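*Asks:* Structure of the sequence below:
(4 chains)
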Amino acid sequence: MQLKQSTQLKSLLTTATCALLGSTTTQANELENWQFDTALMVYSEVDRVSAAEAIIAGERTYDNDQVLNLKLTLDALTGASANGAVAQPHVQTFTRPSGKGQYQADANTTPLDDTFKDTRVQLTGQWTQPLSDGYTWSVGGNFSKEFDYMSLSGNTNIAKDFNKKNTTVSAGIALAFDQIKPKGGIPDPLTPMIISDLISGYDDEGEDDDDGINPSSIASSDNKTTVDLLFGVTQVINRRMLVQMNYSFSQVDGYMTDPYKILSVLDINGISQEYRYEKRPDSRQKHAFYLQTKYHFEHSIIDASYRFMTDDWGINSHTVDLRYRIMLAGDHYIEPHLRFYKQAAADFYQPFLNQGTALPEFASADYRIGEMDTYTLGIKYGMPMKSGQKLAFRVEYYNQAPKNAGFTQPGVLAEQQIYESIDAIIAQVSYSF
Amino acid sequence: MVYLRALFITMLLLTTTFSMANSLDQLEKKLADLKGQVVYLDFWASWCGPCRKSFPWMNEIQAKYKDQGFTVVSINVDHDKTLADKFLQEMPANFSVIYDPKGKIAQQFKLKGMPSSYLIDRDGEIVSAHVGFIEKKKAIYEQAIKQLIQQ
Amino acid sequence: MKKSHLLKASLVMLSIILTGCSSLGVEPWERDLLAKDEMALSSAPLDAALDDHIYFSKEASSGGRSFGGGGCGCN
Amino acid sequence: MLKKPSRTIKSQPRDAGFLICFHAMASPCEVLIDTDDENHARTLGAIAAHEAWRIEDKFSRYLSHSVCGQLNANAGKRCAIDKETYLLLKFADDCYQMSAGLFDITSGILRKAWHFDGSDNIPSSAQISALLPLIGWQKTTLTETSFQMQQGMEIDLGGLGKEYAVDRSLQLINQQTDAPVLINFGGDLAANKARVIQHKAQPWQIGIDHPSFKKQQVVVSITTGAVATSGDANRFLLKNGKRYSHILNVKTGWPVDNPPSAITVAAPQCIQAGFLATLALLQGEHAESFLHAQGIKYWAIR
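*Replies:* Predicted coordinates:
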């Protein structure tokens, strides 16, 4: 019978006593009440934008079934994105958003602005509280900050269960205030981008100056407000199936123009003469109808949703999302994912402006409000860990194919690809503990 | 042939009624055996979160008031008994469990939610019930039991 | 008094929906499958948040499921 | 069942503060609180008393409805346990491992053969070997929610319960006060900080009585930390001039040779001191050298 060595006995005894009396009892217990979900995602477009996003979310359930959710999101974005100008058979030169320095686009390529480097921090909190008679009340807030953007919002929601909790009706409202402070200021909409003839000392690739003021700037910042209303009904159909129907209305007022986006002004031969800053309306009303259902088969679950969105900018869109979770032995699962999205162009979308015609009231060549079809193909694999933690991996392929919404491409532009499709890969790891 | 078929149907009817009544019979027998005792009848399932929280407490009150003529009887309503057994491996019960996979007892009691608990006095009458298990109400639940025991 | 009519009408509508639904559903003890985490309507909220962020910054639609995306200057 | 002394709490002023007295776990218990506020002292004393009584009710093996009583009554079956019981049993498990099997809470069953009443009533080898199969912590299964031992086995947390109560009570009191406090449950004690007497920090001076035949007293001074005492006091057998200590070797079922009649050990927590004191006694005549080798502060009475 060998007794443990002296130092070992003492330290073993200390450890054992800590476990029993818990020198950090209260803290340990508090942490036990929290459930944490974390995720790390990388998004990468071929030759364009790359983004990384990390989320940590904590959920704590209190004795009376109140739930507190806190979430911290960090993301970083780098790379180049289309500035709105069309490709040309010659090299094009653009002024950087800061107004200082220039960058160029090669002949026959979609002009990309490579100044985008952004990081965002977002904090979200939500408190959910059951009230009497089947009512549940929830209130939350959100704060997000980028170097050129700030958003602040609050929401509240009330839900009531009927019919043995088989039917839930809910209504909610959210208010948001967003402020944009673009690099170089807010450019005067629809005015030409001033491109200095000076061969400046700034190099094409390098960082541009944060303090620069774009000569086209009319203000340093602008803002918008959003009011969202949401009404929903959730219905249990049977032991295996439930359905949710939502209607949401959104009213946005204020600055919705993208200060970094421009339009090419083309002559009748399709040659670009100048570039003008885009301009969007300062009000937008959106209606969205959302239907989701889940069905539990013996060893699999199907999750299907459809959304129809329409707004007074003339954008109509259809989204279909399908996930099919196949349960494997030992609580492992694989989940293929399919998503289709189709949108019509905004009324004021146009891929370029024509020289010699009157300027429209609003114009944007941002492909994101143009006509497009997209699809996503993905697969997720999830597995439990030894002591209850969960690990999951997800890989998705995203394809975006902008379409010509009926614009003829004059002269040399006929040869150019102005609706370039985007391919992206999304990879994600999630861990819950 | 006709005779055989009739026999077959009778057999079928007998077996189905027997298996359907099974869990109810078990409960009836259990409650008859416990006549004269205060019974805390609890409906639970492996998938029900608050049920998990109630188990340590039910073990505790069972131990505490056992000597004074008090028993906890639980009804498991899992469709699949193996899930209930898995739950019991993690969350052992020091009280008896009646399996009601078809929800026959649950139906009889017209449960309003899960878990549901009933207090039955020494005469076998249900005197109170509550739905859900809320940590903060433990003292209230216990008070009701204590009162009934002392009656 | 228009308002009260409207209110009445919507109440009637609601009750129709509710009675229509009352034949649907399950008993409280039959929620074994519905109680699973993976049967929650938002069973993977982080995946949904990440997806919303991507699609919000790449497409012109948002919202529907819950309060619309946003909180970023990506669109 | 033993008739319990009534559960009352008495308080009286004493040097720099108040002394609160009550009876728990078959021992006189004291809480010394250096404060001018008698109500505050009483509140703190009541916290200690209720914690001691709670632990006694929950873990005494003499009470059939206690956790121990239930586990013993249901030996052979898998029993549900709560978190606190798990933590205590886990600590007992750690003690078993650390002592290489010498410290074993299932050894109490040997009482069925040994009656340490001062007589010469030595059990036969057969009596003891009949009990040995029922001893052995390694035969039990402990999980976070359940405990199972073999039929016929028994556990006894008596060797840890009082010390645990001291630590727990001091912990609870510390959440309520900054005042210097000394807790003494039947000779197992712990203090949270030095007392201040005439603006000077002073250690607590404690005389520990050993009601052994030698009538010796150990005087211990501590500022913070705990001391616990283990000894055979009046519990021994004498036959043919040989003294049979009540310290039994679980492996053989027989008393260890020549242990000190009492050992007091100092440690940061009372439950550590209690375990070390018992473990030292189990070393028999090597008790002192064992503690010395481990670098542990102790007072031994031979």
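*Asks:* Could you list the buried residues of stretch A:218-236?
*Replies:* Neighbour-count burial for stretch A:218-236 flags A:222, A:224, A:226, A:228, A:230, A:232, A:233, A:234, A:235, A:236 (criterion: 16 or more other CB atoms under 10 Å in any protein chain shown). For glycine as for every other residue, the C-beta is placed from the backbone atoms N, C-alpha and C.
*Asks:* now swap in stretch A:155-165 and tell me
*Replies:* Buried residues in stretch A:155-165, defined by neighbour count with 16+ other CB under 10 Å: A:155, A:157, A:159, A:161, A:162, A:163, A:164, A:165.
*Asks:* if we can go back for a sec, next step: the buried residues of stretch A:218-236 restricted to strands.
*Replies:* Taking DSSP state E, the ones among the buried residues of stretch A:218-236 that sit in strands are A:222, A:224, A:226, A:228, A:230, A:232, A:233, A:234, A:235, A:236.
*Asks:* Let me have the residues you listed in CSV, adding pLDDT as columns.
*Replies:* Shown next, in CSV, are these (pLDDT from 0 to 100):
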residue, pLDDT
A:222, 95
A:224, 95
A:226, 95
A:228, 95
A:230, 95
A:232, 95
A:233, 95
A:234, 94
A:235, 94
A:236, 94
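*Asks:* ok, now which ones touch residue D:84?
*Replies:* Residue D:84 sits next to residue D:58 when contact means CB atoms under 8 Å, 6 or more residues apart in numbering or on different chains.
*Asks:* Torsion angles phi and psi at it?
*Replies:* Backbone torsions for residue D:84, taken as degrees, to the nearest 10, come to phi -60, psi -40.
*Asks:* Residue A:94 now?
*Replies:* Dihedral pair for residue A:94: phi -130, psi 150, per degrees, to the nearest 10.
*Asks:* same deal with residue D:207?
*Replies:* Phi and psi for residue D:207, reported as degrees, to the nearest 10, are phi -100, psi 120.
*Asks:* Give me the number of neighbouring residues for it.
*Replies:* Neighbour count of residue D:207, defined by other CB atoms under 10 Å in any protein chain shown: 8.
*Asks:* show me where pLDDT drops low in the stretch 101-250 of chain D?
*Replies:* D:209-216, D:232-236 (pLDDT under 70).
*Asks:* Check what pLDDT residue A:199 gets.
*Replies:* The model reports residue A:199 with a pLDDT of 44.
*Asks:* need the contact list for whatever residue of chain D ends up closest to chain B.
*Replies:* Nearest residue of chain D to chain B, counting by CB to the nearest CB: residue D:80, 3.8 Å away. Residues in contact with residue D:80 (CB under 8 Å, 6+ apart) are B:55, B:56, B:59, B:91, B:92, B:93, B:94, D:145, D:146.
*Asks:* residues from chain B in reach of chain A?
*Replies:* Listed as neighbours of chain A in chain B under the rule CB under 8 Å from any CB of the partner chain: B:112, B:113, B:134, B:135, B:136.
*Asks:* Any quick PyMOL command for the buried ones out of these?
*Replies:* Entered in PyMOL, the line below selects the buried ones among the residues of chain B next to chain A, by 16+ other CB under 10 Å:
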select buried, chain B and resi 113
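*Asks:* excluding its backbone neighbours, what's nearest the closest residue to chain A within chain C?
*Replies:* Proximity of chain C to chain A (CB to the nearest CB) peaks at residue C:25, 2.8 Å away. With CB to CB, 6 or more residues apart in numbering or on different chains as the criterion, residue C:25 has its nearest non-adjacent residue at 2.8 Å, and that residue is residue A:166.
*Asks:* Would you mind measuring from the spatially closest residue to residue D:112 that is not a sequence neighbour to residue D:259?
*Replies:* If the residues on either side of it in the chain are set aside, residue D:112 comes closest to residue D:131, at 6.2 Å by CB to CB, 6+ apart. Residue D:131 sits 21 Å away from residue D:259, going by CB to CB, to the nearest Å.
*Asks:* Tell me which of those two has more neighbours.
*Replies:* Neighbours per residue (other CB under 10 Å) separate residue D:131 from residue D:259, with residue D:259 holding more: 25 against 18.
*Asks:* Checking that one next. Helix, strand or coil?
*Replies:* The three-state label given to residue D:259 by DSSP: H, G, I helix; E, B strand; the rest coil is coil.
*Asks:* residues in contact with it?
*Replies:* So residue D:259 contacts D:232, D:245, D:247, D:281, D:282, D:283, D:284, D:285, D:287 (CB under 8 Å, 6+ apart).
*Asks:* Quick one: the helices in chain D, in order.
*Replies:* Here chain D has its helices, by DSSP state H, at D:38-59, D:67-73, D:83-98, D:125-131, D:158-174, D:270-282, D:287-293.
*Asks:* Flag whichever of those has the least confidence on average.
*Replies:* Mean pLDDT values for those show the minimum at helix D:125-131, a mean of 85.
*Asks:* which of the buried residues of stretch A:155-165 are close to chain B?
*Replies:* Answer for the buried residues of stretch A:155-165 near chain B (CB under 8 Å from any CB): A:164, A:165.
*Asks:* now the buried residues of stretch A:155-165 as TSV including secondary structure and pLDDT?
*Replies:* TSV is the format used below for the buried residues of stretch A:155-165 (DSSP: H, G, I helix; E, B strand; the rest coil; pLDDT from 0 to 100):
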residue	secondary structure	pLDDT
A:155	strand	95
A:157	strand	95
A:159	strand	95
A:161	strand	92
A:162	strand	88
A:163	coil	88
A:164	coil	87
A:165	coil	89
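*Asks:* any idea which of the buried residues of stretch A:155-165 is the one closest to residue B:27?
*Replies:* Nearest to residue B:27 among the buried residues of stretch A:155-165: residue A:164, at 22.5 Å, using CB to CB.
*Asks:* In a strand, residue A:308, correct?
*Replies:* Yes. Applying three-state DSSP, one finds residue A:308 inside a strand.
*Asks:* my read: the residue nearest to residue C:25 touches residue A:233, true?
*Replies:* No. Counting by CB atoms under 8 Å, residue A:166 sits too far from residue A:233 to count as a contact (11.2 Å).
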